[in-house]
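> Got a sequence here, can you build the structure:
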Amino acid sequence: MAFDMFKSFTPFNVDVNGVRIFGVHSRRPDARLPPLLLLHGYPQSHLIWHKVAPTLAERYTVVAPDLRGYGDSSKPAGLTDHSNYSKREMALDQVELMRSLGFESFFVCGHDRGGRVAHRMAIDHPAAVRKLMVLDISPTLAMYEQTSMEFAIGYWWWFFLVQPAPFPENMITASPCTYLERKIAYGRAGRTPFTDETYAAYLRYISDPATVHGMCEDYRAAATIDLQQDREDRASGRKVTSPVRVLWGQHGVVNQCFQPLDDWAAVATTVSGAAIAAGHYIPEEVPEVLFAELVAFFI
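Predicted structure coming up:
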């Protein structure tokens, strides 16, 4: 917590659902602000929100955790069926976290993997999710079922990380600097969106074998048990009933390969959204645009 960007926030380590979740919150006993849960993506942590969280804290009680397997949260060894990294378990982590802070229902914004956790949360815990915003994703099932050569090349890590352990883990930890540069600095914006402090933190995560394993297990679950549960939802007609707002980068792979509004309309009852002038890392590339969208939607 040496980062000045969260100096007004309170760090926490909370035991929930068999794991310990680390993060920060802006809760003040004297303030009754609506709760807003911010969920990060791969291969990052709650630090992705540092450009918007302090200003959001003037309007909301902001809770920004590290997902299971990421950052400074627990990294349990993956089970044979990867079920302990299913989005169902990762969503339950966050619901129990919010309850521990006194919030039975809340707003949720999820970027990348965090958006997939938030999607499952809205299905499994509809009373908890008041409104849902997802950033630069189509639903997991849609993206796998619509995979093209363009998508496979653009999102190569989706197919690399799901390989059996410890192959991808060993490859990543052999050269974490090379891997991180290729993963998050590959886009149109390059390394520009990332501060020296956040980039150093992301490198620390990707240099830790336990974290790398947790991240791989997240993707292995996405390609197996998560798809099974998503197909069960589709077969039973279960959809997200909370209002959903979708934002995606017009310069990113999702915009090139998918139709996010149509994809989300297939799994949710009320959907709006738009492409914005950004790549994949929206919270760090265009924080002012994201802030305006958040406060307009979460009312």
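> Please save the CA atoms from the helix or strand containing Arg204 in PDB.
Per DSSP states H and E, Arg204 falls inside helix 196-206. This file holds the C-alpha atoms of helix 196-206, laid out as PDB (Å, rounded to 0.1, in the frame of the first residue of the first chain):
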ATOM      1  CA  ASP A 196       5.800   3.100 -13.500                       C
ATOM      2  CA  GLU A 197       4.300   2.100 -10.200                       C
ATOM      3  CA  THR A 198       1.400   0.000 -11.600                       C
ATOM      4  CA  TYR A 199       3.600  -1.600 -14.200                       C
ATOM      5  CA  ALA A 200       6.100  -2.600 -11.600                       C
ATOM      6  CA  ALA A 201       3.200  -4.100  -9.500                       C
ATOM      7  CA  TYR A 202       1.900  -6.100 -12.500                       C
ATOM      8  CA  LEU A 203       5.400  -7.400 -13.100                       C
ATOM      9  CA  ARG A 204       5.600  -8.500  -9.500                       C
ATOM     10  CA  TYR A 205       2.400 -10.500  -9.900                       C
ATOM     11  CA  ILE A 206       3.500 -12.200 -13.100                       C
END
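> now that helix: mean pLDDT?
For helix 196-206, mean pLDDT is 96.
> and that helix, which residues are buried?
The neighbour-count check on helix 196-206 (16 or more other C-beta atoms under 10 Å) flags 198-199, 201-203, 205-206 as buried. Every C-beta, even on glycine, is put in place using the N, C-alpha and C of the backbone.
> For it, name the packing helices and strands.
helix 176-184 (3 or more C-beta pairs under 8 Å, 6 or more residues apart in numbering; DSSP states H and E).
> tilt between the helix it packs on and helix 196-206?
110 degrees (axes from the mean of the first three to the mean of the last three C-alpha atoms, to 10 degrees).
> Name the residues of helix 176-184 that come out as buried.
176, 179-180, 183-184.
> next SSE after the helix holding Arg204?
With elements assigned by DSSP H and E, the helix or strand that comes after helix 196-206 is helix 209-222.
> Let's see that next one as CSV, backbone CA atoms only.
Taking C-alpha atoms only, helix 209-222 is exported to CSV below (Å, rounded to 0.1, in the frame of the first residue of the first chain):
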residue,chain,number,x,y,z
PRO,A,209,4.6,-18.7,-9.6
ALA,A,210,1.6,-19.0,-7.3
THR,A,211,-0.1,-16.0,-9.0
VAL,A,212,0.7,-17.2,-12.4
HIS,A,213,-0.9,-20.6,-11.5
GLY,A,214,-4.0,-18.8,-10.2
MET,A,215,-4.3,-16.8,-13.4
CYS,A,216,-3.9,-19.9,-15.5
GLU,A,217,-6.5,-21.7,-13.5
ASP,A,218,-8.9,-18.8,-14.0
TYR,A,219,-8.6,-19.3,-17.8
ARG,A,220,-8.7,-23.1,-17.5
ALA,A,221,-12.0,-22.8,-15.6
ALA,A,222,-13.3,-20.4,-18.3
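> Good, we can wrap up now.
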